[in-house]
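Student: Prediction below, plus the sequence it came from.
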Amino acid sequence: MHPSHHRARLATLEDLKRFPTREDLKRFATLDDLSIVACSLAYVATSTDGERALGRTEALTKRSPFDAFEKAPRPGNVLLVGLSEAVPPCVVALSWRCTIEGIGVDPRRPPIVWEAWTADDWVPCELESDGTGGLNRDGRIVLHVPSGHAVSLIEGHRAGWLRARVIEPEAGMPSYSASPSIHRLSAARHRGQVGGIFDGLKLCDAPGASGLRRAFRKGGMHVIHGTRLYRMWRTQ
């Protein structure tokens, strides 16, 4: 099998201990310069239809819990998260304190999608992990923000907007019977990410290759590709 058909992922410390030898790979190049943008939480709002928004920033500041969606959530309900800056293309961590109210959903496959506003429309974010089980418990959600993420105005507030949108559950999967209740929320850039070419494969477009979207450390990084461990670095 051609090596580009394997799933590629970043190596962990355990991987580095497990592999006795390391093979250098020179056929790797980034597609763009990496811009690291710091961010924090600026605004929060909710919307029943994705159009008219109700500000929730003051409630969050006063630590007054509020519903993420309608009392009986339905597709199209939206929770809006405004970042202090647009962060294309970075990985953002949202840390939550939530009350278990969204009864009925499968925490492994909750009926919500995460999206980011670009200059033209809402674009899906890649969900790296959701420790909240669909906003039903305290935890962290890690999102890959698309490269087109842009600052925009919602209800007069300038921010780099992300949103969680309720969708129809998959066949055989339950929907929310009650809205999750949000107590606290913070946001921060988790790390940078950059697309690249690995042995002729454009990683930023390849299924399963999102683990390579990361800022380079000095001296490169280590990647598991198939059954081999590679040391990779940026080439000019």
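Tutor: Looks like it came in fine.
Student: what bits of this protein have low per-residue confidence?
Tutor: Filtered on pLDDT under 70, the chain yields the residue ranges 1-37, 101-103, 190-236.
Student: need the helices for it, in chain order.
Tutor: With helices called from DSSP state H, the chain shows them at 13-18, 57-61.
Student: Count the residues that sit near the closest residue to residue 123 other than its chain neighbours.
Tutor: Closest residue in space to residue 123, ignoring its immediate chain neighbours: residue 146 at 5.0 Å, by Cβ to Cβ, 6 or more residues apart in numbering. In short, each C-beta sits where N, CA and C put it, glycine included. For residue 146, the count of nearby residues is 16 (other Cβ atoms under 10 Å).
Student: repeat for the one 10 residues further on
Tutor: Neighbourhood size, residue 156 [other Cβ under 10 Å]: 8.
Student: How about residue 58?
Tutor: 10.
Student: roughly how far apart are it and residue 64?
Tutor: 8 Å (Cβ to Cβ, to the nearest Å).
Student: Residue 184 too?
Tutor: Applying Cβ to Cβ to residue 184 and residue 64 gives a distance of 11 Å.
Student: try residue 43
Tutor: Taking Cβ to Cβ, one finds residue 43 at 16 Å from residue 64.
Student: For these two, indicate the residue with more neighbours.
Tutor: Under the neighbour definition other Cβ under 10 Å, residue 43 and residue 64 were set side by side, and residue 43 has more, 21 against 11.
Student: Go ahead and confirm the more buried one touches residue 156.
Tutor: No - contact criterion Cβ atoms under 8 Å: residue 43 and residue 156 do not qualify, at 9.9 Å.
Student: who touches the residue lying closest to residue 49 once chain neighbours are set aside in this structure?
Tutor: Once flanking residues are discounted, residue 49 sits nearest to residue 76: 5.6 Å by Cβ to Cβ, 6+ apart. Contact partners of residue 76, counting by Cβ atoms under 8 Å, 6 or more residues apart in numbering, are 48-50, 165-166.
Student: do you know how far the nearest residue to residue 149 once chain neighbours are set aside is from residue 119?
Tutor: Spatially, and ignoring its direct neighbours in sequence, residue 149 is nearest to residue 88 (4.1 Å; Cβ to Cβ, 6+ apart). Distance of residue 88 to residue 119, computed by Cβ to Cβ: 10 Å.
Student: what touches both of these two?
Tutor: Counting by Cβ under 8 Å, 6+ apart, the residues touching both residue 88 and residue 119 are 148, 150.
Student: For these two, indicate the residue with more neighbours.
Tutor: residue 88 (17 against 10).
Student: correct me, but that one touches residue 162?
Tutor: No - using Cβ under 8 Å as the test, residue 88 is too far from residue 162 to be in contact (11.9 Å).
Student: Residues that sit against both of the two, list them.
Tutor: residue 145.
Student: Got the domain ranges for the chain?
Tutor: 3-34+194-232, 41-192 (automatic domain parsing).
Student: Tell me, how many residues neighbour the nearest residue to residue 50 once chain neighbours are set aside?
Tutor: Distances taken as Cβ to Cβ, 6+ apart place residue 78 nearest to residue 50, at 4.9 Å, with adjacent residues excluded. For residue 78, the neighbour count with other Cβ under 10 Å is 21.
Student: Which neighbouring elements make contact with the strand ranked longest in the chain?
Tutor: Longest among the strand segments of the chain by residue count, using DSSP state E, is strand 181-192. If you count contacts as 3 or more Cβ pairs under 8 Å, 6 or more residues apart in numbering; DSSP states H and E, strand 181-192 packs onto strand 41-47, helix 57-61, strand 66-67, strand 78-83, strand 90-99.
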